[in-house]
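S.K.: Structural data only, the sequence is not supplied:
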């Protein structure tokens with residue numbers, strides 16, 4: 001029998017036809033790539049319990065984190081089988097939520113464009129939060145109605161809130177309390193629209 005080139009001898013179909021693994025369920029179909037493969041969770045140093053951020057269902061997640069060089073990196077996110085809500089299952093969006101923290105195009109700094117500006121500038125989180133608070137206070141002050149039609153209303157029509165389905169019941173409750181305390185009456189949630 002002539003000597004075969006190495007690439008043919010290592011070809012899985014050839015090994016299957018000439019070896020003992022005729023059904024191709026064992027050694028014949030294993031390649032060097034397959035032998036080197038490892039679970040994505042194997043490199044993790046620890047597992048952190050979390051909740052999927054996409055909707056209000058609150059599916060449990062296990063976040064696998066590897067530490068290297070003083071930095072943490074998410075290596076995999078899977079459903080948490082101990083979660084009474086999802087019992088280890090995730091929808092396609094939840095299963096792909098690793099992209100939220102590892103996607104290179106993710107914005108990690110506050111971007112601000114001044115009125116009539118043409119370019120974005122970076123702000124510190126503290127400065128951005130102060131700007132938002134100042135605007136909420138100014139809007140409430142400038143649009144406050146103490147009376148309407150002879151009746152006391154104590155409200156502002158200059159602030160409205162539209163909540164999203166990514167918030168759980170407790171967060172929605174606190175947001176409703178905050179806006180009500182500020183006098184806003186136009187408070188709605190995505191789930192009701």
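M.R.: Received, thanks. Keep in mind that this is a model prediction, so the values were computed, not measured.
S.K.: okay, CA-based contacts and neighbour counts for the rest of this
M.R.: OK.
S.K.: longest helix anywhere in the chain?
M.R.: In the chain, ranked by residue count with DSSP state H as the criterion, the top helix is helix 125-142.
S.K.: so how far is that one from its chain's centroid?
M.R.: Centroid separation for helix 125-142 versus its chain: 27 Å, with Cα atoms, centre = their mean, to the nearest Å.
S.K.: Pull out the buried residues from it.
M.R.: residue 140 (16 or more other Cα atoms under 10 Å).
S.K.: Give me the contact list for that helix.
M.R.: Contact with helix 125-142 is made by 109, 110, 156, 158, 159, 182, 183, as judged by Cα atoms under 8 Å, 6 or more residues apart in numbering.
S.K.: do you know how far the nearest residue to the last one once chain neighbours are set aside is from residue 133?
M.R.: Nearest non-adjacent residue to residue 183, counting by Cα to Cα, 6 or more residues apart in numbering: residue 155, 4.4 Å away. As for residue 155, its distance to residue 133 is 18 Å (criterion: Cα to Cα, to the nearest Å).
S.K.: Now the element after the longest helix of the chain, going C-ward?
M.R.: Per DSSP states H and E, the first helix or strand lying C-terminal to helix 125-142 is strand 144-148.
S.K.: Give me the buried stretch members for that next one, please.
M.R.: Judged by neighbour count (16+ other Cα under 10 Å), strand 144-148 contains these buried residues: 144, 145.
S.K.: How about stretch 181-193?
M.R.: Buried, per 16+ other Cα under 10 Å, within stretch 181-193: 182, 183, 184, 185.
S.K.: For the nearest residue to the third one once chain neighbours are set aside, grab the count of nearby residues.
M.R.: Put plainly, it is residue 184. With Cα to Cα, 6+ apart as the criterion, residue 184 has its nearest non-adjacent residue at 5.3 Å, and that residue is residue 156. Applying other Cα atoms under 10 Å, we find 21 residues neighbouring residue 156.
S.K.: Could you do the one 5 residues further on as well?
M.R.: The burial count assigned to residue 161 is 14, neighbours taken as other Cα under 10 Å.
S.K.: again with residue 79
M.R.: The burial count for residue 79: 23, using other Cα under 10 Å.
S.K.: domains for this protein, by residue range?
M.R.: 6-36, 46-102, 143-192 (automatic domain parsing).
S.K.: For residue 120, find the nearest of those.
M.R.: Closest to residue 120 of the domains of the chain, according to Cα to Cα: domain 46-102, at 22.1 Å.
S.K.: Understood, closing this out.
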